[in-house]
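**Q** Give me a model of this one.
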Amino acid sequence: MKKLLVMLMALGLVATVATAGSGVGVFGSYLDAKDPGPGFGGGIKFKTDLVDYLGVEARASCITQFDEDDSDDGVYLIPLEAGLVFNLPLGDDAPITLYGGGGIGYAIIPEADDIDLDDSFCFYGVAGAEFGLGESASLFAEAQYRVLEVDGAEVDGEDVDLGDEEVEFSGIGINAGLLFRF
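**A** Below is the predicted model of the structure:
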């Protein structure tokens, strides 16, 4: 039930952001997570400006290929996130905008090798730069720090409390991609 509620809230936010008409972006992603090690993936983000210097964004990504992953199925991390972003355009003549902000999310971790790590809420901070390629597109690169600790799992149908042995997906990441404005 909790997963369904979070998914519906995220879908509602994404629909609201998409109709506001600012833009949608695709990006490649790298995350250096504490326990599973570095991982790679990609994602999509929706971004809209509320006022000149403040915006809202919603993002979904999928990160896999973690270095410390010995499972046959592979560990996947799917964070669904939403947050506020403060924009700082560097003038009318410069096509560069600096931004920073943060938000909350819900991370889905699908079952791998009969071990189902609990899905969990996460928090993130982000700082980046956007380089305009005209009115309809821009390139962006950003650094993101995500805080995500998983303290429970289900193994062969039985709940397991990991206690002090939490799985830490917390770490710094880098996203880079293309934002299409409409």
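**Q** hey, let's count contacts and neighbours off CA atoms from now on
**A** Fine.
**Q** Which residue ranges of this structure form strands?
**A** Counting by DSSP state E, the chain has strands at residues 23-33, 37-51, 54-64, 78-89, 96-108, 115-117, 120-132, 137-147, 149-150, 152-155, 158-161, 167-168, 171-181.
**Q** list the buried ones in the last one?
**A** Judged by neighbour count using 16 or more other C-alpha atoms under 10 Å, the buried positions of strand 171-181 are 171-181.
**Q** helices and strands around that strand, which ones?
**A** Where contact means 3 or more C-alpha pairs under 8 Å, 6 or more residues apart in numbering; DSSP states H and E, strand 171-181 is packed against strand 23-33, strand 137-147.
**Q** Within its sheet, name the partner strands of the last one and how each one runs.
**A** Pointing back at strand 137-147 there. strand 120-132 (antiparallel), strand 171-181 (antiparallel) (DSSP bridges).
**Q** So what touches it?
**A** Outside of strand 137-147, the residues that reach it under the criterion C-alpha atoms under 8 Å, 6 or more residues apart in numbering are 122-133, 169-181.
**Q** Can I get that strand in CSV, CA atoms only?
**A** Included here for strand 137-147 are C-alpha records, laid out as CSV according to Å, rounded to 0.1, in the frame of the first residue of the first chain:
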residue,chain,number,x,y,z
ALA,A,137,17.5,22.8,-25.3
SER,A,138,20.3,22.9,-22.9
LEU,A,139,23.1,20.7,-21.6
PHE,A,140,23.4,20.1,-17.9
ALA,A,141,25.8,18.6,-15.4
GLU,A,142,25.3,18.3,-11.7
ALA,A,143,26.6,16.7,-8.6
GLN,A,144,24.1,15.0,-6.3
TYR,A,145,24.5,13.7,-2.8
ARG,A,146,21.9,11.1,-1.8
VAL,A,147,21.2,9.8,1.7
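**Q** Now that strand: buried residues?
**A** Buried-residue list, strand 137-147, by 16+ other C-alpha under 10 Å: 137-147.
**Q** For this structure, which residues score under the pLDDT cut-off?
**A** Segments of the chain classed as low confidence (criterion: pLDDT under 70) are 1-21, 72.
**Q** again, only using 90
**A** Low-confidence regions of the chain, defined by pLDDT under 90, span residues 1-22, 35-37, 51-52, 64-76, 89, 91-95, 110-119, 134-135, 150-168, 182.
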